[in-house]
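Asks: model the structure of this input:
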Amino acid sequence: MTVATVVPQQSRRGTLGRLLVVDDDPDVRRVLVRMLGDEGYSASEAESGAEVTAALRSSAPELILLDLMLAGEDGFDVLTGIRRTSDVPVIILSAKMNESDRVLGLRLGADDYVVKPFSGPELAARVASVLRRYAHSPTTPAVLEFGDLAIDTTAREVHLFGRLIETTLKEFDLLAFLASSPRQVFSREQLLDHVWGSSSAWQDDGTVTEHIRRIRQKLRATDTRDRWIRTVRGVGYRFEP
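Replies: The predicted model follows:
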């Protein structure tokens, strides 16, 4: 992976976070890395989906800035690949202005969509806002047990019939939040607020729907009865103990 890290001057606020800039144009990457460095962030570069995967394993970026038009790759496919294994915040940077592209990006799991061109201060403000929302992950203080299902909030593990169910960060947070208030119905907007620290004004509530689908799919692989999360039509979801 090509890595170019800009260390902010000490007179600024210091390094505010580790970012990954994904673009197939080296000149664009260089400008963005320097722009973000001037705003107080430490940024590295990637030019392909494969390099993004490598960066997630090696450098653990706290936020990814993803261009949609990569050479030989669809940025939406790269985003889908990221979401298979990680809940790292993603901001799409794109010259595509169509509403359909923005909606698709948000539904696939992006946290924000910024249309080019943009200024350094605007981009920094967007990055800060997304990082701030992700800093508020809800936790519950105990092991939650419901017969065959155990949710260990300390180890952040889910066991069903004694079998470990692999979950991503936000899948676990969502399941643990619902399970901490059995039978209470939460709207998608409430779940965005409590689990993502976000709102439908910033993030598409289809994110909640997709995470619920993934959780159900993983639980069904061990328990085909699909009995833990109920959809309350026209309202939202509840955990069924």
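Asks: who's the nearest residue to residue 187 once chain neighbours are set aside bridged to?
Replies: Nearest non-adjacent residue to residue 187, counting by C-beta to C-beta, 6 or more residues apart in numbering: residue 236, 4.0 Å away. No exception for glycine: its C-beta is placed from N, CA and C like everyone else's. Beta bridges link residue 236 to residue 187, residue 232, judged by DSSP bridges.
Asks: list the contacts of residue 236.
Replies: Contact partners of residue 236, counting by C-beta atoms under 8 Å, 6 or more residues apart in numbering, are 185, 186, 187, 188, 190, 191.
Asks: count of neighbours near the last one?
Replies: Look at residue 191: counted by other C-beta atoms under 10 Å, it has 23 neighbours.
Asks: ok, the fifth one next?
Replies: Neighbour count for residue 190, taken as other C-beta under 10 Å: 17.
Asks: where in this structure is pLDDT low?
Replies: Residues of the chain that meet the criterion pLDDT under 70 lie in 1-15, 136-142, 199-201.
Asks: and it, split by domain according to the record?
Replies: The chain breaks down into these domains under automatic domain parsing: 18-134, 143-239.
Asks: the chain: strands as residue ranges?
Replies: For the chain, applying DSSP state E gives strands covering 18-22, 42-46, 63-67, 69-70, 73-74, 90-94, 112-115, 143-146, 149-152, 157-160, 163-165, 186-187, 229-232, 236-239.
Asks: next, count neighbours for residue 56.
Replies: With other C-beta under 10 Å as criterion, residue 56 counts 18.
Asks: I'd like the distance between residue 85 and residue 216.
Replies: Per C-beta to C-beta, to the nearest Å, residue 85 is found 19 Å from residue 216.
Asks: repeat that for residue 159.
Replies: 17 Å.
Asks: swap in residue 59?
Replies: Going from residue 59 to residue 216 by C-beta to C-beta gives 32 Å.
Asks: contacting residues around stretch 177-192?
Replies: 138, 140, 144, 146, 151, 174, 194-195, 198-200, 203, 205, 207-209, 229, 232, 235-241.
Asks: only the buried residues of it, if you could.
Replies: Residues of stretch 177-192 classed as buried: 177, 178, 179, 180, 186, 187, 188, 190, 191, 192 (neighbour count, 16 or more other C-beta atoms under 10 Å).
Asks: now do stretch 157-164
Replies: 158, 159, 160.
Asks: repeat that for stretch 217-230.
Replies: Of the residues in stretch 217-230, 218, 219, 222, 227, 228, 229 count as buried by neighbour count, 16+ other C-beta under 10 Å.
Asks: ok now it, how far from the chain's centre?
Replies: Relative to its chain's centre, stretch 217-230 lies at 23 Å (C-alpha atoms, centre = their mean, to the nearest Å).
Asks: straight-line length of that stretch, end to end?
Replies: End-to-end span of stretch 217-230 (C-alpha to C-alpha, to the nearest Å): 13 Å.
Asks: quick one: residues in contact with it.
Replies: 146, 148-149, 160-161, 163, 165-167, 171, 175, 178, 212, 215-216, 237-240.
Asks: drop anything exposed from those.
Replies: Buried by 16+ other C-beta under 10 Å: 149, 160, 165, 167, 171, 175, 178, 212, 215-216, 237-239, out of these.
Asks: which one of the residues you listed is nearest to residue 116?
Replies: Distances from residue 116 to the buried ones among the contacts of stretch 217-230, taken as C-beta to C-beta, are shortest for residue 171 (31.7 Å).
Asks: thought the closest one was touching residue 210?
Replies: No - with contact defined as C-beta atoms under 8 Å, residue 171 and residue 210 do not form a contacting pair (10.0 Å).
Asks: quick revisit: the strands of the chain into a markdown table, with extra columns for distance to residue 55?
Replies: Below are these laid out as a markdown table (distance: least, C-beta to C-beta, whole Å):
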| stretch | distance to residue 55 |
| --- | --- |
| strand 18-22 | 5 |
| strand 42-46 | 5 |
| strand 63-67 | 8 |
| strand 69-70 | 14 |
| strand 73-74 | 15 |
| strand 90-94 | 13 |
| strand 112-115 | 19 |
| strand 143-146 | 34 |
| strand 149-152 | 29 |
| strand 157-160 | 26 |
| strand 163-165 | 26 |
| strand 186-187 | 34 |
| strand 229-232 | 33 |
| strand 236-239 | 33 |
